[in-house]
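Undergrad: build me a structure from this.
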Amino acid sequence: MAKKKNPVLDEPQEDVPETDPLKLCRDRFKEAQEYWSKEYEDALEDIEFRAGKQWPTSYVTQREADKRPCLVVDKLNQYVRQIVNDGRQNRPSIKVRPVDSGSDIQTAEVFQGLIRHIEDRSGSDMAYDTAIDNAATCGYGYFKVVNEYARDNGFEQELAIKRVRNPLSIYIDPDSKEADGSDMKFAFEVEEMKKDDFKAKYPGKIPEDFKVDSETSDWYEGDKVRLARYWYVEEKDRKLYLLQDGTTVEEEEYDALKAEGRSLEGFVADSRMIPKRTVWHALVSGKEYLEEPQEWVGKYIPILVVY
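TA: Coordinates of the predicted model:
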């Protein structure tokens, strides 16, 4: 009997455009998770060791069967506290200094006051101390900069420095080389939520009965749902012009002047391409956006690393 042709499968198929907006996000998270997995396994052992889990499981099982104690003498916390206390006594601080002929001492003092206000109102001491404590314990600590509303009944926003209590909830770009992570292209702040709580908080934002494909299965394990604040950087080259009088004009301003009928071609001394960084962030689950991408006010991802 002749096999019938499938009119859909046997016809040439056109290239289907990528319709999954979070594929790159999941790929990046998988890359970061695989890269940091061994480091974070060792870090978790360090945290548990400091908390008193210092006996191997096989020894504990045998000694419990023999009704023998597993004594733990804490000799670690005193040294961690010593490091944290040294950090408190010699705390790094943000200092604004006028460094060139165009700088204004009074303006620098105003910026210094604003930064001091941000640190004071946000309780930055706790963020710094927690980061040092985590770094001394397991090798990694983090704190972050956020923008939040200054008042409940207003729309003005202020910056705040916040602590990251669990250092193992942060996954940064494996290709980052700078000590403070300023060159990272993406990062994740991860948390887990019970499925019932997720349904209540995000109605209509969940796969039916949590039926997911192989790419998203690890985001919906057991009775938990993984959520992540996904940070990423977009870079676009733009042209910068140096005029003969020493001033600089960016490409947008140069094009605007040309549109007005004014030409600067005879006054251009040099030009070069420079990257324009835009930072975006979104709250995601494995399947979709829980909060749509928003532009961050700065040009760096506001997660700072303390090694």
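
Undergrad: now the strand or helix carrying residue 241 - C-alpha only, PDB.
TA: Taking DSSP states H and E as the definition, residue 241 sits inside strand 224-243. Taking C-alpha atoms only, strand 224-243 is exported to PDB below (Å, rounded to 0.1, in the frame of the first residue of the first chain):
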ATOM      1  CA  LYS A 224       8.200  26.000  43.500                       C
ATOM      2  CA  VAL A 225       8.400  28.500  40.600                       C
ATOM      3  CA  ARG A 226      11.600  30.300  39.800                       C
ATOM      4  CA  LEU A 227      11.400  34.000  39.300                       C
ATOM      5  CA  ALA A 228      14.300  36.200  38.100                       C
ATOM      6  CA  ARG A 229      15.100  39.900  37.800                       C
ATOM      7  CA  TYR A 230      16.800  39.800  34.500                       C
ATOM      8  CA  TRP A 231      19.300  42.600  33.800                       C
ATOM      9  CA  TYR A 232      20.900  43.000  30.400                       C
ATOM     10  CA  VAL A 233      23.000  45.600  28.500                       C
ATOM     11  CA  GLU A 234      22.400  46.700  24.900                       C
ATOM     12  CA  GLU A 235      25.200  48.500  23.100                       C
ATOM     13  CA  LYS A 236      24.900  50.500  20.000                       C
ATOM     14  CA  ASP A 237      27.700  52.300  18.300                       C
ATOM     15  CA  ARG A 238      27.300  56.000  17.600                       C
ATOM     16  CA  LYS A 239      29.700  58.600  16.200                       C
ATOM     17  CA  LEU A 240      31.400  61.300  18.200                       C
ATOM     18  CA  TYR A 241      32.800  64.400  16.400                       C
ATOM     19  CA  LEU A 242      35.700  66.600  17.700                       C
ATOM     20  CA  LEU A 243      35.400  70.100  16.400                       C
END
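
Undergrad: what's the average pLDDT for it?
TA: Averaging pLDDT along strand 224-243 gives 90.

Undergrad: name the helices or strands packed onto that strand?
TA: For strand 224-243, the packing partners by 3 or more CB pairs under 8 Å, 6 or more residues apart in numbering; DSSP states H and E come out as helix 23-50, strand 186-194, helix 195-201, strand 248-250, helix 251-259, strand 268-284. Glycine gets a C-beta too; all of them are placed from N, C-alpha and C.

Undergrad: just the helices in the stretch 1-150 of the chain please.
TA: Taking DSSP state H, counting those that start in this stretch, the helices of the stretch 1-150 of the chain run over residues 23-50, 57-65, 77-89, 105-121, 124-138.
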